[in-house]
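Q: Sequence first, then the predicted structure:
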Amino acid sequence: MLYAEDRIFTEWRIRLYGLGVAAAYAAALAWELLGGRSVIDAAGNPACIDFCTIWVSGNFAISSEPVRVYDYSTFATAQVNLVGPHHINFPPYHYWYPPTFLFLTYPLGLMPYLTAFAVWTIATLFLYLAAVYAIIPRLTAVIAAVTPLVVAENILLGNNGLLTAALMGFSLAFLERRPWLSGIFIGLLTYKPQFGVLFPLALLASRNWRAISSAIATSVILGVAAAIAFGAQGWMSFFDTLRDRNASLSLDPGLELTLQSVYGLLHWAGAGTGMSWALHSTVVAIVALATCVVWARPIPYSLKAATLCIGSLAVTPYVQIYDLCVLSIAVAFLIKDGLLVGFLPGERTAILVCFAALFFLLTPLGPIVYAFIIFLIAWRIAANRRETLTQAQAPLAIEGIITGPDMTEHVSDDHATA
């Protein structure tokens, strides 16, 4: 199996396939743009895409009353004014982000709509690819990172999934060598607070006090700065948006979300709200405990980072399609460990299956992909553990020191402690 995979997954083949997929995406995106299904419609007006809410929020950020971004009637009217009343089926959305996100959308409000879209798309894509390169400094990794369909989806709709993946990637790429810098990226990630739930647990388990201090300082500074710049009322209004949601966790009563979480999968399958929450909470407890154990043990850092990435997706009930760019970061760390110590039989094929599953975006397959990747991480951790024990015991066996099972257990414990 390994021999067959080694022949299939060569670097030049991955580059070739990746460039082919990227070219296909480029052609499809051009078709969508020319057909008036993205950015601007067939009549030349701004189209109904996710970037509408981002650009409109930027306009509120530069206004004299930025806190009105949380007033639904005002914000909805601004969205309808942007796309025009001819979009009868356009559902004006609430503004769901904390006030700190307005720092990112503020510059966009100073630009024309099309210019802002281009700047936002290019900047977030560049950051995402730079984060992948920071993990695996190879051109092949960058090319492969473009191929997931969710990347093209973010570019098409102008959403923030690429930015989320970039911040998570940078925070984990720098955590070992520059914990203070890593903490800054973790603090910036609080614009999507649902993805930061496991970070404090992992940092506490690994006793990384510098990253914790930096993340807390960055978060506090950003929070206070947002209150000063955009009004303290913005924070109270944001916390109000966390309540009164429908069964799919949407603020808009008529809008059913397809969430890529355990809760979302169960809700989509028709399970009751109580059962969905109960099973999701069970998964959260298991994943949180596993993350703490992994980060507290002497396990290769790449596997710790992959665990935290995939765990951050698994524990939050609110994960949308465009957020799945974070999977690229988790897989990048998994592949990095494979490049260092070798791949396991079938591992790269399983990753390819996960990649293919992302083409079925209209169904909540996210939790199934998470489970696949968690299994691969656990398998690699177990294999690493066996290899470590074998290497530790071999010299002792040669010298005749290991005389029985008790001594073997003693050596294993000492290695784990080390």
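A: Looks like it arrived, so ask away.
Q: For the protein, which helix or strand comes out least confident on mean pLDDT?
A: When the helices and strands of the chain are scored by mean pLDDT, DSSP states H and E, helix 405-417 comes last with a mean of 38.
Q: Using CSV, list the CA coordinates for the host helix or strand of V287.
A: Secondary-structure element containing V287, defined by DSSP states H and E: helix 273-296. These are the backbone C-alpha positions of helix 273-296, laid out as CSV (Å, rounded to 0.1, in the frame of the first residue of the first chain):
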residue,chain,number,x,y,z
THR,A,273,-33.1,20.0,19.6
GLY,A,274,-32.6,18.5,23.0
MET,A,275,-31.0,15.3,21.6
SER,A,276,-28.8,17.3,19.2
TRP,A,277,-27.5,19.4,22.0
ALA,A,278,-26.9,16.4,24.3
LEU,A,279,-24.9,14.5,21.7
HIS,A,280,-23.0,17.5,20.6
SER,A,281,-22.1,18.3,24.3
THR,A,282,-20.9,14.8,24.7
VAL,A,283,-18.6,15.2,21.7
VAL,A,284,-17.3,18.5,23.1
ALA,A,285,-16.4,16.9,26.4
ILE,A,286,-14.5,14.0,24.8
VAL,A,287,-12.7,16.3,22.3
ALA,A,288,-11.7,18.8,25.0
LEU,A,289,-10.4,16.1,27.3
ALA,A,290,-8.4,14.5,24.4
THR,A,291,-6.9,17.8,23.4
CYS,A,292,-5.8,18.5,27.0
VAL,A,293,-4.2,15.0,27.2
VAL,A,294,-2.4,15.4,23.8
TRP,A,295,-1.0,18.8,24.7
ALA,A,296,0.2,17.7,28.1
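Q: Let me see the residues that make contact with it.
A: 197-198, 201-206, 247, 261-263, 266-267, 271, 303-304, 307-308, 311, 314-315, 317, 374, 381 (CB atoms under 8 Å, 6 or more residues apart in numbering). Quick note: C-beta positions are derived from backbone N, CA and C, even for glycine.
Q: Disregarding residues adjacent in the polypeptide, which is nearest to L19?
A: Computed as CB to CB, 6 or more residues apart in numbering, the closest residue to L19 that is not its neighbour in sequence is I143, at 6.2 Å.
Q: meant to ask about V341
A: In space, V341 is closest to N384, 7.1 Å off (CB to CB, 6+ apart).
Q: T53 versus Q79, what's the distance?
A: Distance of Q79 to T53, given as CB to CB, to the nearest Å: 7 Å.
Q: Can you pull the residues that touch both of those two?
A: Going by CB under 8 Å, 6+ apart, residues that sit against Q79 and also against T53 are Y93.
Q: related to what we said a few turns ago, now the element after the helix holding V287, going C-ward?
A: Using DSSP H and E, the first helix or strand after helix 273-296 is helix 301-315.
Q: I'd like to know how far the closest residue to V56 other than its chain neighbours sits from A116.
A: Spatially, and ignoring its direct neighbours in sequence, V56 is nearest to A78 (4.9 Å; CB to CB, 6+ apart). Look at A78 and A116: by CB to CB, they are 15 Å apart.
Q: What of L198?
A: For L198 relative to A116 (CB to CB), the value is 33 Å.
Q: Helices of the stretch 201-350 of the chain, start to end?
A: Counting by DSSP state H, counting those that start in this stretch, the stretch 201-350 of the chain has helices at residues 209-230, 233-241, 262-268, 273-296, 301-315, 326-341, 347-357.
Q: cool, the stretch 1-150 of the chain as well?
A: Under DSSP H, counting those that start in this stretch, the stretch 1-150 of the chain gives helices at 2-8, 11-34, 51-61, 72-83, 102-109, 113-135, 139-145, 149-157.
Q: I'd like to know which elements the third one is packed against.
A: By that I understand helix 51-61. helix 72-83, helix 102-109, helix 113-135 (3 or more CB pairs under 8 Å, 6 or more residues apart in numbering; DSSP states H and E).
Q: Put together JSON lines for these, with mean neighbour count on each row.
A: What follows is the helices and strands packed on helix 51-61, written out as JSON lines (neighbours: other CB atoms under 10 Å):
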{"stretch": "helix 72-83", "mean neighbour count": "16"}
{"stretch": "helix 102-109", "mean neighbour count": "20"}
{"stretch": "helix 113-135", "mean neighbour count": "18"}
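Q: Out of those, which is closest to A4?
A: helix 113-135 (26.4 Å; CB to CB).
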